[in-house]
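Engineer: next come a sequence and a model predicted from it.
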Amino acid sequence: MNRVVTHELIHAFDHCRAHVDWFNNFKHLACSEIRAASLSGDCSFSNEVARFNFGLKKHHQECVRDRATRSILAVRKISKEEAVKTVDEVFDSCYNDHEPFGRIPHSKKDARFAYRDFENRDRYYENL
């Protein structure tokens, strides 16, 4: 349940921060889906093992690509080839955008560190 809520909250964050055009711009949709799949834990090691998807090298990136593509296909009438192309076009910049976490929370420990970083985000700028 937490993973689903986190996934949707990332979409809400993107909507507020980037003014995403959900209905007319497939690149906006793809970027938000990439970020949500990456940051919500959809592609965590434990979830992938539960799905019987095993892989070591760049497995997280491949999972994120696949989940983002499937999400786009679920909500828009476009071909799989067009969805894959759109995801590929924006993947690098969107996959490396970790806001509001600052890192990909691969585990609960990473999530705690991300939350600690969030709490301390203004610490170095308060006295300027």
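Structural biologist: Received it, and whenever you're ready, just let me know what you need.
Engineer: hey, let's count contacts and neighbours off CA atoms from now on
Structural biologist: OK.
Engineer: what kind of secondary structure is the residue nearest the centre of the chain in?
Structural biologist: The residue lying closest to the centre of the chain (C-alpha atoms, centre = their mean) is residue 35, at 2.0 Å. Here residue 35 is recorded as helix under DSSP: H, G, I helix; E, B strand; the rest coil.
Engineer: who touches it in this structure?
Structural biologist: 10, 94-95, 97-98 (C-alpha atoms under 8 Å, 6 or more residues apart in numbering).
Engineer: just the buried ones among these, please.
Structural biologist: 10, 94-95, 97 (16 or more other C-alpha atoms under 10 Å).
Engineer: any idea which helix or strand of the chain has the worst average confidence?
Structural biologist: helix 45-50 (a mean of 59; mean pLDDT, DSSP states H and E).
Engineer: so how far is the very next helix or strand once past that helix from its chain's centroid?
Structural biologist: For helix 45-50, the succeeding helix or strand toward the C-terminus, using DSSP states H and E, is helix 59-75. Relative to the chain's own centre, helix 59-75 is displaced by 10 Å; criterion: C-alpha atoms, centre = their mean, to the nearest Å.
Engineer: buried set for helix 59-75?
Structural biologist: 59-61, 63-69, 71-73.
Engineer: what's the helix or strand following that helix packed up against?
Structural biologist: Next helix or strand after helix 59-75 toward the C-terminus (DSSP H and E): helix 80-95. Under the contact criterion of 3 or more C-alpha pairs under 8 Å, 6 or more residues apart in numbering; DSSP states H and E, helix 80-95 touches helix 26-39, helix 59-75.
Engineer: quick one: mean pLDDT over the first one.
Structural biologist: So the one you mean is helix 26-39. What helix 26-39 shows for mean pLDDT is 94.
Engineer: what's the answer for the longest one, then?
Structural biologist: Averaged over helix 59-75, pLDDT sits at 91.
Engineer: so which of the buried residues of helix 59-75 is the closest to residue 29?
Structural biologist: Of all the buried residues of helix 59-75, the one with the least separation from residue 29 (C-alpha to C-alpha) is residue 72, at 7.2 Å.
Engineer: state the distance from that closest one to residue 6.
Structural biologist: Going from residue 72 to residue 6 by C-alpha to C-alpha, to the nearest Å gives 18 Å.
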